[in-house]
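**Student:** Let's see this in three dimensions:
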Amino acid sequence: MKSDIQEHRDSFAREAMRPGHPHWKQAISRQTPSPLKPDEIRSEFDRDNGRILHSSAYSRLKSKTQVFFHTNDDRICTRIEHVNHVISVSSTIARFLGLNTELTYTIAMGHDLGHAPFGHSGEVFLDELCRKYGLGEFWHEKNSLHVVDDIELLQDTQGRFKNLNLTYAVRDGIISHCGEVNQALLRPREEAIDLHKFSKYTRFEPYTWEGCVMKIADKIAYLGRDLEDAQRLGILSKEQLDELEHILLGFPHVEAANNTNFIHIFITDLCRHSSPETGLCFSPEIYELMKLLMRFNYKHIYKHPRLKNYEKYAKLVIETLYEALSQTFYGPQSLTAVEKDFIPVYPKLGGAFLRWIRLLAKTDEAGNAESSHHKRIYDLHEEKDYNRAVIDFLSLLTDRAAIEYFNELTSF
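**Tutor:** Below is the predicted model of the structure:
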């Protein structure tokens with residue numbers, strides 16, 4: 001017999017990341033001091049929220065793929081809508097359980113800032129280029145941390161460009177959020193590790209319960225919506241829809257295969273069955289439903305032939321842009337070469353790349369060290385650094401910008 005869900009309200013209140021929590025000092029720590037403005041009324045996590053909201057990376061999410069590439073249907077989910085869905089789901093769960101909603105909200109806002117153009121396919125293509133040219137690895141969770149730590153810049157009150165310099169708890173939630181990993185139980189780790197120890201194949205649980213909630217909310221948010229979008233686009237056959245109906249026969253309380261039902265069922269089941277003692281978890285029945293829906297989506301949506309056809313084009317776009325920009329390396333004179341030789345032929349792509357890398361290069365064209373109030377991360381003497389800069393630049397592009405630059409390279 002199900003318990004009254006209201007019995008579980010605020011059941012995690014003592015675990016919330018608030019002043020008095022044993023990990024509070026670490027959770028709000030920043031890489032460099034960030035003095036408060038006079039009469040500051042925001043919390044540390046709310047300050048992070050504002051920095052993410054006003055970043056260029058956040059703005060670009062509205063023109064990045066969630067699942068369906070470059071669709072002309074405004075009803076189909078884009079990356080920014082997915083982020084908003086995760087904000088909604090994670091905040092609902094955190095609020096009910098008594099956790100810190102500001103922290104949960106902020107992690108959700110920033111979790112996909114490093115996503116590549118063309119969705120997860122673009123992520124795969126950039127990783128292939130990194131491995132081919134000895135540039136390490138590329139995966140969007142780590143790239144999202146790289147974006148907020150090293151790349152995104154905002155002007156301070158004096159007009160100086162500075163890094164976002166987010167709190168440890170938000171940075172940790174961003175890199176540890178992977179929603180593709182199937183887990184029946186989730187609880188935070190105890191130790192505050194160096195977040196750069198994360199790799200594509202060595203990952204750790206989030207440091208906070210709020211980060212754990214966001215990680216689960218990521219999956220809740222996309223499962224039903226991806227399915228709904230596929231139905232809206234009409235790419236599922238009658239046989240596939242029959243297969244979906246057959247799956248749902250085993251769950252008689254699921255009245256229809258839509259996002260409204262799935263979000264409500266997953267959220268309420270998670271809230272009813274989770275506790276600080278056992279961790280965040282679903283009932284066996286609902287966890288099985290989640291796994292069945294995930295298998296269905298992978299089989300019939302994420303591997304759909306129409307997506308595979310577009311992936312070939314997306315791969316060509318990314319590889320062509322990489323080859324064009326990486327060939328502009330001339331050591332410390334690279335930026336001069338881009339300005340004098342590349343921009344006259346390809347003004348849009350060359351101009352965008354030059355404006356961007358000038359902000360982040362360690363040295364100027366004469367080889368002198370640049371002084372600034374933010375990190376300088378690319379050494380123009382090193383070809384690997386330059387090529388990694390190309391990868392980072394491409395990772396920040398929207399689908400639309402990548403296609404526009406590709407068309408510039410391939411037309412007269």
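
**Student:** Now the closest residue to Y330 other than its chain neighbours. Its backbone dihedrals?
**Tutor:** Computed as Cβ to Cβ, 6 or more residues apart in numbering, the closest residue to Y330 that is not its neighbour in sequence is A337, at 4.6 Å. For every residue, glycine as well, the C-beta is placed using N, CA and C. Backbone geometry at A337, expressed as degrees, to the nearest 10, gives phi -60, psi -40.

**Student:** ok, A337 - how many residues close by?
**Tutor:** Residues lying near A337 (other Cβ atoms under 10 Å) number 17.

**Student:** Do I have it right that it meets T328?
**Tutor:** Yes: at 5.6 Å, A337 and T328 qualify as touching, with contact defined as Cβ atoms under 8 Å.

**Student:** how much space between the residue nearest in space to the middle of the chain and M294?
**Tutor:** Centroid-nearest residue in the chain: D112, 1.3 Å away (criterion: Cα atoms, centre = their mean). According to Cβ to Cβ, to the nearest Å, D112 and M294 sit 19 Å apart.

**Student:** Same check on E191?
**Tutor:** Following Cβ to Cβ, the distance that separates E191 from M294 is 30 Å.

**Student:** between these two, which one's more packed in?
**Tutor:** A side-by-side neighbour count of E191 and M294, using other Cβ under 10 Å, places M294 first with 17 against 8.

**Student:** if I read this right, the more buried one contacts L223, doesn't it?
**Tutor:** Yes: between M294 and L223 there is a contact under Cβ under 8 Å: 6.6 Å.

**Student:** Tell me which residues touch T92, please.
**Tutor:** I267 (Cβ atoms under 8 Å, 6 or more residues apart in numbering).

**Student:** host element of it?
**Tutor:** helix 79-97 (DSSP states H and E).

**Student:** for that helix, which positions count as buried?
**Tutor:** 79-94, 96-97 (16 or more other Cβ atoms under 10 Å).

**Student:** Using the record's assignment, carve the protein into domains.
**Tutor:** The chain resolves into domains spanning 5-113+152-302, 305-409 when parsed by automatic domain parsing.

**Student:** Distance from the chain centre to the shortest one, please.
**Tutor:** Distance of domain 305-409 from the chain centroid (Cα atoms, centre = their mean, to the nearest Å) equals 21 Å.

**Student:** do the same with the first one
**Tutor:** Centroid displacement of domain 5-113+152-302 relative to its chain, using Cα atoms, centre = their mean, is 10 Å.

**Student:** Distance of the residue nearest to Y330 relative to K384?
**Tutor:** Applying Cβ to Cβ, the value for A337 to K384 is 18 Å.

**Student:** And the contacts of whichever strand or helix holds L307?
**Tutor:** Counting by DSSP H and E, the element that carries L307 is helix 305-326. The contact list for helix 305-326 (Cβ under 8 Å, 6+ apart) reads 67-70, 116-118, 121-122, 125-126, 129, 133, 235, 301, 346, 349, 353, 386-387, 390-391, 393-394, 402-403, 405-406, 409-410.

**Student:** show me where the stretch 101-250 of the chain has helices.
**Tutor:** 101-110, 119-132, 140-146, 168-175, 209-233, 238-249 (DSSP state H, counting those that start in this stretch).

**Student:** could you give the angle of the second one to helix 305-326?
**Tutor:** Yep, that's helix 119-132 we're talking about. If you take axes from the mean of the first three to the mean of the last three Cα atoms, to 10 degrees, helix 119-132 sits at 40 degrees to helix 305-326.

**Student:** now swap in the last one and tell me
**Tutor:** Our comparison of helix 238-249 with helix 305-326, counting by the same axes, to 10 degrees, yields an angle of 100 degrees.

**Student:** OK, contacts around S395?
**Tutor:** G114, H115, A116, P117, L126, F138, N143, V147.

**Student:** and if you look at H140?
**Tutor:** Here H140 is in contact with D112, G114, H115, A116, H120, E123 (Cβ under 8 Å, 6+ apart).

**Student:** These: which two are farthest apart?
**Tutor:** Maximum pairwise distance among the contacts of H140 (Cβ to Cβ): 12.6 Å, between G114 and H120.

**Student:** With neighbour numbers in mind, choose between these two.
**Tutor:** Ranked by neighbour count (other Cβ under 10 Å), G114 and H120 place G114 first, with 26 against 17.

**Student:** Surely that one touches L145?
**Tutor:** Yes: look at G114 against L145 with Cβ under 8 Å: they come within range, at 7.2 Å.
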